[in-house]
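Engineer: need a structure here:
(4 chains)
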There are 2 protein chains.
Amino acid sequence: MTVFFSKKCEYGLQAVLFFATRDYDCVCPAEEVSKKLNIPKEFISKILQSLTESGIIESKKGKLGGFKLAMHPSKIKLIDIVEAIDGLESFNSCVLGFPECTPEKPCPVHDQWGELRAKALEMLSAETIDKFKEKTLNKIGTI
Amino acid sequence: MTVFFSKKCEYGLQAVLFFATRDYDCVCPAEEVSKKLNIPKEFISKILQSLTESGIIESKKGKLGGFKLAMHPSKIKLIDIVEAIDGLESFNSCVLGFPECTPEKPCPVHDQWGELRAKALEMLSAETIDKFKEKTLNKIGTI
DNA sequence: TTTTAATCAGACAATTTAATCTGTTTTAAT
DNA sequence: ATTAAAACAGATTAAATTGTCTGATTAAAA
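Structural biologist: Residues are numbered from 1 along each chain as shown, chains lettered A, B, ... in the order given. The predicted structure is shown next:
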(Lines give C-alpha, C1' and ligand atoms only; values in the text may rest on other atoms or scores of the structure.)
Protein backbone atom coordinates (compact mmCIF):
# COMPACT_ATOMS: atom_id res chain seq x y z
CA MET A 1 0.00 0.00 0.00
CA THR A 2 0.96 3.57 -0.59
CA VAL A 3 0.80 6.03 2.29
CA PHE A 4 -1.87 8.46 1.25
CA PHE A 5 -1.82 8.93 -2.51
CA SER A 6 -2.12 6.42 -5.34
CA LYS A 7 1.07 5.41 -7.12
CA LYS A 8 -0.04 7.51 -10.08
CA CYS A 9 -0.33 10.52 -7.85
CA GLU A 10 3.00 9.91 -6.12
CA TYR A 11 4.71 9.72 -9.50
CA GLY A 12 2.83 12.78 -10.75
CA LEU A 13 3.92 14.78 -7.74
CA GLN A 14 7.52 13.66 -8.17
CA ALA A 15 7.49 14.59 -11.84
CA VAL A 16 6.00 18.04 -11.37
CA LEU A 17 8.42 18.79 -8.54
CA PHE A 18 11.17 17.67 -10.90
CA PHE A 19 9.99 19.99 -13.67
CA ALA A 20 10.02 22.85 -11.18
CA THR A 21 13.75 22.38 -10.70
CA ARG A 22 14.46 22.83 -14.39
CA ASP A 23 14.63 25.78 -16.73
CA TYR A 24 11.05 26.84 -17.27
CA ASP A 25 11.15 26.94 -21.07
CA CYS A 26 13.04 23.71 -21.63
CA VAL A 27 10.96 20.64 -22.48
CA CYS A 28 11.86 17.27 -21.04
CA PRO A 29 10.91 13.96 -22.68
CA ALA A 30 9.13 11.28 -20.62
CA GLU A 31 12.15 9.05 -21.09
CA GLU A 32 14.32 11.42 -19.08
CA VAL A 33 11.74 11.80 -16.32
CA SER A 34 11.56 8.04 -16.18
CA LYS A 35 15.31 7.67 -15.79
CA LYS A 36 15.79 10.47 -13.29
CA LEU A 37 12.98 9.30 -11.02
CA ASN A 38 13.11 5.56 -11.61
CA ILE A 39 9.56 5.36 -12.86
CA PRO A 40 8.50 2.96 -15.67
CA LYS A 41 8.58 5.00 -18.87
CA GLU A 42 5.20 3.97 -20.27
CA PHE A 43 3.56 4.59 -16.93
CA ILE A 44 4.96 8.08 -16.39
CA SER A 45 4.06 8.87 -20.02
CA LYS A 46 0.41 8.20 -19.30
CA ILE A 47 0.53 10.27 -16.14
CA LEU A 48 2.18 13.20 -17.92
CA GLN A 49 -0.43 12.98 -20.66
CA SER A 50 -3.22 13.21 -18.13
CA LEU A 51 -1.54 16.15 -16.38
CA THR A 52 -1.36 17.80 -19.79
CA GLU A 53 -5.11 17.37 -20.17
CA SER A 54 -5.53 18.88 -16.70
CA GLY A 55 -3.57 21.92 -17.81
CA ILE A 56 -0.79 21.58 -15.27
CA ILE A 57 1.88 20.71 -17.79
CA GLU A 58 2.22 21.24 -21.54
CA SER A 59 3.52 18.90 -24.18
CA LYS A 60 5.42 19.40 -27.37
CA LYS A 61 5.11 16.60 -29.92
CA GLY A 62 7.64 15.28 -32.38
CA LYS A 63 11.40 15.11 -32.30
CA LEU A 64 12.89 17.28 -29.55
CA GLY A 65 9.45 17.17 -27.95
CA GLY A 66 8.66 16.59 -24.31
CA PHE A 67 6.90 18.15 -21.37
CA LYS A 68 7.18 21.33 -19.36
CA LEU A 69 5.09 23.11 -16.76
CA ALA A 70 2.13 24.93 -18.23
CA MET A 71 2.68 27.86 -15.89
CA HIS A 72 5.38 29.26 -13.67
CA PRO A 73 6.11 27.04 -10.63
CA SER A 74 5.08 29.92 -8.39
CA LYS A 75 1.54 29.34 -9.65
CA ILE A 76 1.31 25.62 -8.84
CA LYS A 77 0.57 23.99 -5.51
CA LEU A 78 0.90 20.34 -4.53
CA ILE A 79 -2.82 20.10 -3.96
CA ASP A 80 -3.42 21.01 -7.62
CA ILE A 81 -1.61 17.87 -8.72
CA VAL A 82 -3.36 15.73 -6.12
CA GLU A 83 -6.71 17.08 -7.22
CA ALA A 84 -5.94 16.42 -10.87
CA ILE A 85 -4.93 12.80 -10.30
CA ASP A 86 -6.56 11.36 -7.18
CA GLY A 87 -9.21 13.98 -6.65
CA LEU A 88 -10.07 15.43 -3.25
CA GLU A 89 -12.45 12.70 -2.14
CA SER A 90 -10.16 11.28 0.51
CA PHE A 91 -10.22 14.66 2.24
CA ASN A 92 -13.93 14.25 2.63
CA SER A 93 -14.28 10.55 3.45
CA CYS A 94 -14.35 8.74 6.75
CA VAL A 95 -10.98 7.37 7.79
CA LEU A 96 -12.70 4.38 9.41
CA GLY A 97 -14.83 3.76 6.33
CA PHE A 98 -18.15 4.55 7.98
CA PRO A 99 -20.86 5.86 5.67
CA GLU A 100 -21.99 9.48 5.95
CA CYS A 101 -19.37 10.63 8.40
CA THR A 102 -20.56 14.16 9.08
CA PRO A 103 -20.64 16.53 12.06
CA GLU A 104 -24.19 15.30 12.65
CA LYS A 105 -23.31 11.62 12.36
CA PRO A 106 -19.64 11.58 13.28
CA CYS A 107 -17.52 8.46 13.49
CA PRO A 108 -15.66 7.81 16.73
CA VAL A 109 -12.54 9.67 15.57
CA HIS A 110 -14.26 12.30 13.46
CA ASP A 111 -12.91 15.34 15.27
CA GLN A 112 -9.37 14.12 15.76
CA TRP A 113 -9.02 12.99 12.17
CA GLY A 114 -10.67 16.17 10.93
CA GLU A 115 -7.88 18.15 12.51
CA LEU A 116 -5.21 16.03 10.87
CA ARG A 117 -6.96 16.22 7.53
CA ALA A 118 -7.15 19.99 7.75
CA LYS A 119 -3.44 20.17 8.53
CA ALA A 120 -2.64 17.90 5.59
CA LEU A 121 -4.73 20.02 3.27
CA GLU A 122 -3.02 23.09 4.64
CA MET A 123 0.40 21.63 3.99
CA LEU A 124 -0.46 20.74 0.40
CA SER A 125 -2.05 24.12 -0.24
CA ALA A 126 0.34 26.37 1.62
CA GLU A 127 3.38 26.59 -0.58
CA THR A 128 3.84 26.74 -4.31
CA ILE A 129 6.20 24.22 -5.84
CA ASP A 130 8.97 26.72 -6.53
CA LYS A 131 9.57 26.66 -2.77
CA PHE A 132 10.56 22.99 -2.97
CA LYS A 133 13.21 23.45 -5.65
CA GLU A 134 16.28 23.07 -3.44
CA LYS A 135 14.92 20.14 -1.48
CA THR A 136 13.83 18.38 -4.64
CA LEU A 137 17.25 18.82 -6.22
CA ASN A 138 18.90 17.39 -3.12
CA LYS A 139 16.56 14.43 -3.06
CA ILE A 140 16.83 13.60 -6.75
CA GLY A 141 20.60 13.85 -6.52
CA THR A 142 20.62 10.93 -4.09
CA ILE A 143 18.31 8.57 -5.97
CA MET B 1 -9.38 4.57 -2.82
CA THR B 2 -9.63 4.43 0.91
CA VAL B 3 -8.35 7.34 2.98
CA PHE B 4 -5.47 5.87 4.88
CA PHE B 5 -6.19 2.25 5.76
CA SER B 6 -7.07 -0.72 3.57
CA LYS B 7 -10.71 -1.80 3.45
CA LYS B 8 -9.77 -4.81 5.57
CA CYS B 9 -8.34 -2.52 8.20
CA GLU B 10 -11.29 -0.12 8.12
CA TYR B 11 -13.66 -3.05 8.66
CA GLY B 12 -11.44 -4.51 11.37
CA LEU B 13 -11.40 -1.21 13.22
CA GLN B 14 -15.17 -0.89 12.92
CA ALA B 15 -15.68 -4.41 14.21
CA VAL B 16 -13.38 -4.09 17.20
CA LEU B 17 -14.94 -0.76 18.14
CA PHE B 18 -18.30 -2.50 17.87
CA PHE B 19 -17.22 -5.33 20.18
CA ALA B 20 -16.09 -2.72 22.69
CA THR B 21 -19.65 -1.45 22.96
CA ARG B 22 -20.98 -4.86 23.94
CA ASP B 23 -20.97 -6.92 27.09
CA TYR B 24 -17.45 -8.19 27.45
CA ASP B 25 -18.31 -11.87 27.95
CA CYS B 26 -20.95 -12.16 25.27
CA VAL B 27 -19.83 -13.63 21.94
CA CYS B 28 -21.15 -12.23 18.69
CA PRO B 29 -21.32 -14.23 15.44
CA ALA B 30 -19.81 -12.79 12.26
CA GLU B 31 -23.29 -12.69 10.76
CA GLU B 32 -24.39 -10.11 13.30
CA VAL B 33 -21.29 -7.96 12.85
CA SER B 34 -21.93 -8.10 9.14
CA LYS B 35 -25.51 -6.90 9.52
CA LYS B 36 -24.82 -4.20 12.08
CA LEU B 37 -21.95 -2.69 10.12
CA ASN B 38 -23.04 -3.46 6.57
CA ILE B 39 -19.97 -5.48 5.77
CA PRO B 40 -20.07 -8.57 3.50
CA LYS B 41 -20.35 -11.55 5.84
CA GLU B 42 -17.66 -13.74 4.30
CA PHE B 43 -15.27 -10.82 4.20
CA ILE B 44 -15.69 -9.78 7.83
CA SER B 45 -15.43 -13.46 8.80
CA LYS B 46 -11.95 -13.63 7.31
CA ILE B 47 -10.93 -10.40 9.02
CA LEU B 48 -12.21 -11.61 12.38
CA GLN B 49 -10.34 -14.86 11.91
CA SER B 50 -7.10 -13.00 11.29
CA LEU B 51 -7.68 -10.76 14.32
CA THR B 52 -8.18 -13.95 16.32
CA GLU B 53 -4.79 -15.18 15.17
CA SER B 54 -3.33 -11.83 16.17
CA GLY B 55 -4.74 -12.28 19.65
CA ILE B 56 -6.93 -9.21 19.64
CA ILE B 57 -10.19 -11.12 19.60
CA GLU B 58 -11.17 -14.66 20.60
CA SER B 59 -13.48 -17.07 18.86
CA LYS B 60 -15.85 -19.70 20.09
CA LYS B 61 -16.71 -22.43 17.59
CA GLY B 62 -19.92 -24.35 17.09
CA LYS B 63 -23.52 -23.42 17.71
CA LEU B 64 -23.87 -20.28 19.82
CA GLY B 65 -20.31 -19.49 18.82
CA GLY B 66 -18.92 -16.18 17.71
CA PHE B 67 -16.29 -13.60 18.56
CA LYS B 68 -15.41 -11.41 21.49
CA LEU B 69 -12.50 -9.24 22.51
CA ALA B 70 -9.55 -11.25 23.81
CA MET B 71 -8.95 -8.67 26.52
CA HIS B 72 -10.74 -5.83 28.21
CA PRO B 73 -11.32 -2.82 25.89
CA SER B 74 -9.20 -0.72 28.23
CA LYS B 75 -6.23 -2.79 27.06
CA ILE B 76 -6.69 -2.26 23.31
CA LYS B 77 -5.67 0.73 21.23
CA LEU B 78 -6.62 1.54 17.65
CA ILE B 79 -3.00 1.26 16.58
CA ASP B 80 -2.98 -2.39 17.74
CA ILE B 81 -5.64 -3.24 15.16
CA VAL B 82 -3.93 -1.22 12.44
CA GLU B 83 -0.65 -2.97 13.18
CA ALA B 84 -2.30 -6.39 13.08
CA ILE B 85 -3.97 -5.81 9.71
CA ASP B 86 -2.09 -3.22 7.63
CA GLY B 87 1.14 -3.14 9.57
CA LEU B 88 2.98 0.04 10.46
CA GLU B 89 4.85 0.45 7.18
CA SER B 90 2.90 3.47 6.01
CA PHE B 91 4.07 5.31 9.11
CA ASN B 92 7.59 4.83 7.90
CA SER B 93 7.28 5.33 4.15
CA CYS B 94 7.62 8.42 2.03
CA VAL B 95 4.31 10.11 1.29
CA LEU B 96 5.62 11.12 -2.16
CA GLY B 97 6.85 7.61 -2.88
CA PHE B 98 10.54 8.52 -2.96
CA PRO B 99 12.93 5.72 -1.99
CA GLU B 100 14.89 5.96 1.26
CA CYS B 101 13.16 8.99 2.66
CA THR B 102 15.23 9.59 5.79
CA PRO B 103 16.46 12.62 7.75
CA GLU B 104 19.69 12.30 5.75
CA LYS B 105 17.97 12.01 2.39
CA PRO B 106 14.66 13.75 3.01
CA CYS B 107 11.98 14.24 0.39
CA PRO B 108 10.73 17.78 -0.20
CA VAL B 109 7.94 17.46 2.38
CA HIS B 110 9.74 15.17 4.80
CA ASP B 111 9.52 17.42 7.85
CA GLN B 112 5.97 18.63 7.34
CA TRP B 113 4.65 15.15 6.70
CA GLY B 114 6.66 13.76 9.57
CA GLU B 115 4.78 16.03 11.92
CA LEU B 116 1.42 14.92 10.57
CA ARG B 117 2.43 11.29 10.74
CA ALA B 118 3.50 11.68 14.35
CA LYS B 119 0.17 13.27 15.20
CA ALA B 120 -1.69 10.45 13.46
CA LEU B 121 0.29 7.86 15.35
CA GLU B 122 -0.38 9.74 18.55
CA MET B 123 -4.09 9.79 17.88
CA LEU B 124 -4.20 6.06 17.23
CA SER B 125 -2.05 5.26 20.26
CA ALA B 126 -3.43 7.74 22.76
CA GLU B 127 -6.74 6.30 23.83
CA THR B 128 -7.92 2.79 24.46
CA ILE B 129 -11.05 1.68 22.66
CA ASP B 130 -13.27 1.78 25.74
CA LYS B 131 -13.08 5.56 25.42
CA PHE B 132 -14.88 5.38 22.08
CA LYS B 133 -17.86 3.39 23.35
CA GLU B 134 -20.40 6.21 23.38
CA LYS B 135 -19.38 7.66 20.05
CA THR B 136 -19.39 4.23 18.45
CA LEU B 137 -22.87 3.50 19.75
CA ASN B 138 -24.12 6.79 18.37
CA LYS B 139 -22.55 6.16 15.00
CA ILE B 140 -23.76 2.57 14.65
CA GLY B 141 -27.24 3.66 15.65
CA THR B 142 -27.43 5.86 12.56
CA ILE B 143 -26.15 3.38 9.97
C1' DT C 1 -27.95 -39.24 18.14
C1' DT C 2 -29.38 -35.97 14.88
C1' DT C 3 -29.79 -31.34 13.64
C1' DT C 4 -28.43 -26.69 13.61
C1' DA C 5 -25.46 -22.85 13.59
C1' DA C 6 -21.30 -21.35 14.13
C1' DT C 7 -15.87 -20.98 13.05
C1' DC C 8 -12.39 -22.34 9.99
C1' DA C 9 -9.72 -23.44 5.65
C1' DG C 10 -8.73 -22.99 1.10
C1' DA C 11 -9.89 -22.20 -3.49
C1' DC C 12 -12.08 -19.11 -6.56
C1' DA C 13 -13.98 -14.77 -8.82
C1' DA C 14 -14.37 -9.86 -9.46
C1' DT C 15 -12.64 -5.42 -9.26
C1' DT C 16 -9.27 -1.97 -9.08
C1' DT C 17 -4.78 -0.37 -9.72
C1' DA C 18 -0.34 -0.66 -11.87
C1' DA C 19 2.28 -1.49 -15.74
C1' DT C 20 3.17 -2.90 -20.62
C1' DC C 21 2.61 -3.37 -25.54
C1' DT C 22 1.53 -2.04 -30.31
C1' DG C 23 0.92 1.12 -33.35
C1' DT C 24 -0.14 6.03 -35.11
C1' DT C 25 0.83 10.81 -35.47
C1' DT C 26 3.80 14.70 -35.10
C1' DT C 27 7.91 17.45 -35.86
C1' DA C 28 12.71 18.51 -36.34
C1' DA C 29 17.10 17.06 -38.11
C1' DT C 30 19.42 14.79 -41.80
C1' DA D 1 11.99 13.12 -48.94
C1' DT D 2 13.63 10.24 -45.31
C1' DT D 3 14.68 9.26 -40.82
C1' DA D 4 14.59 9.66 -35.93
C1' DA D 5 12.57 10.70 -31.66
C1' DA D 6 9.05 12.22 -29.43
C1' DA D 7 3.79 12.48 -27.75
C1' DC D 8 -0.51 10.17 -28.18
C1' DA D 9 -4.20 6.46 -28.26
C1' DG D 10 -6.05 2.29 -27.18
C1' DA D 11 -5.70 -2.49 -26.08
C1' DT D 12 -3.76 -5.74 -23.22
C1' DT D 13 -1.46 -7.89 -19.28
C1' DA D 14 -0.08 -8.27 -14.41
C1' DA D 15 -0.61 -7.70 -9.65
C1' DA D 16 -2.95 -6.45 -5.62
C1' DT D 17 -7.08 -5.90 -3.25
C1' DT D 18 -11.70 -7.02 -2.33
C1' DG D 19 -15.23 -10.19 -2.13
C1' DT D 20 -17.50 -15.05 -2.75
C1' DC D 21 -18.12 -20.00 -2.66
C1' DT D 22 -17.69 -24.79 -1.05
C1' DG D 23 -16.95 -27.82 2.22
C1' DA D 24 -14.93 -29.44 6.69
C1' DT D 25 -14.94 -29.15 11.62
C1' DT D 26 -16.90 -27.94 16.04
C1' DA D 27 -20.22 -27.69 19.74
C1' DA D 28 -24.74 -26.75 21.63
C1' DA D 29 -29.67 -27.70 21.23
C1' DA D 30 -33.39 -30.65 20.09
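
Engineer: assign the residue of chain A at minimum distance from DNA strand C to helix, strand or coil.
Structural biologist: Residue nearest to DNA strand C within chain A: A:Gly62 (1.9 Å; C-beta to the nearest atom of the strand). Placement of C-beta: from N, CA and C, glycine included. Here A:Gly62 is coil, with the state taken from DSSP: H, G, I helix; E, B strand; the rest coil.

Engineer: check the one 5 residues further on too.
Structural biologist: Following three-state DSSP, the label given to A:Phe67 is strand.

Engineer: can you list contacts of stretch A:28-44?
Structural biologist: Contact partners of stretch A:28-44, identified using C-beta atoms under 8 Å, 6 or more residues apart in numbering or on different chains, comprise A:11, A:14-15, A:18-19, A:22, A:45, A:48, A:65-68, A:140, A:143, B:99.

Engineer: now list the buried members of these.
Structural biologist: A:11, A:14-15, A:18-19, A:22, A:45, A:48, A:66-68, A:140 (16 or more other C-beta atoms under 10 Å in any protein chain shown).

Engineer: remind me, longest helix of chain A?
Structural biologist: In chain A, assigned by DSSP state H, the helix with the most residues is helix A:110-126.

Engineer: per-residue confidence for the spatially most distant residue from the centre of chain A?
Structural biologist: Farthest-out residue of chain A from its mean C-alpha position, per C-alpha atoms, centre = their mean: A:Glu104, at 32.2 Å. Note on A:Glu104: pLDDT of 96.

Engineer: what ranges do the helices span in chain A?
Structural biologist: A:7-20, A:30-37, A:41-53, A:78-85, A:110-126, A:133-141.

Engineer: in CSV, list those along with distance to B:Lys36 and mean pLDDT.
Structural biologist: Shown next, in CSV, are the helices of chain A (distance: least, C-beta to C-beta, whole Å; pLDDT from 0 to 100):
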stretch, distance to B:Lys36, mean pLDDT
helix A:7-20, 34, 98
helix A:30-37, 46, 98
helix A:41-53, 40, 98
helix A:78-85, 34, 98
helix A:110-126, 19, 97
helix A:133-141, 47, 97
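
Engineer: buried deepest among the ones you listed, which one?
Structural biologist: helix A:7-20 (a mean of 23; mean count of other C-beta atoms under 10 Å in any protein chain shown).

Engineer: and that helix, anywhere near DNA strand D?
Structural biologist: No - with C-beta under 7 Å from any atom of the strand as the criterion, DNA strand D is not reached by helix A:7-20; the gap is at least 10.0 Å.

Engineer: would you mind listing what in chain A touches DNA strand C?
Structural biologist: Taking C-beta under 7 Å from any atom of the strand as the criterion, chain A approaches DNA strand C at residues A:2, A:6-8, A:11, A:40-43, A:46, A:60-65.

Engineer: rerun at 6 Å
Structural biologist: Residues of chain A lying close to DNA strand C by C-beta under 6 Å from any atom of the strand are A:2, A:6-8, A:40, A:42-43, A:46, A:61-64.

Engineer: flag every residue of chain A that's near DNA strand D.
Structural biologist: So chain A meets DNA strand D at A:1, A:29-31, A:45, A:49, A:52, A:59, A:61-63, A:65-67 (C-beta under 6 Å from any atom of the strand).

Engineer: as JSON lines, those residues with distance to B:Ile81 would be great.
Structural biologist: Formatted as JSON lines, these follow (distance: C-beta to C-beta, whole Å):
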{"residue": "A:Met1", "distance to B:Ile81": "16"}
{"residue": "A:Pro29", "distance to B:Ile81": "46"}
{"residue": "A:Ala30", "distance to B:Ile81": "41"}
{"residue": "A:Glu31", "distance to B:Ile81": "44"}
{"residue": "A:Ser45", "distance to B:Ile81": "40"}
{"residue": "A:Gln49", "distance to B:Ile81": "40"}
{"residue": "A:Thr52", "distance to B:Ile81": "42"}
{"residue": "A:Ser59", "distance to B:Ile81": "46"}
{"residue": "A:Lys61", "distance to B:Ile81": "51"}
{"residue": "A:Gly62", "distance to B:Ile81": "54"}
{"residue": "A:Lys63", "distance to B:Ile81": "55"}
{"residue": "A:Gly65", "distance to B:Ile81": "50"}
{"residue": "A:Gly66", "distance to B:Ile81": "47"}
{"residue": "A:Phe67", "distance to B:Ile81": "43"}
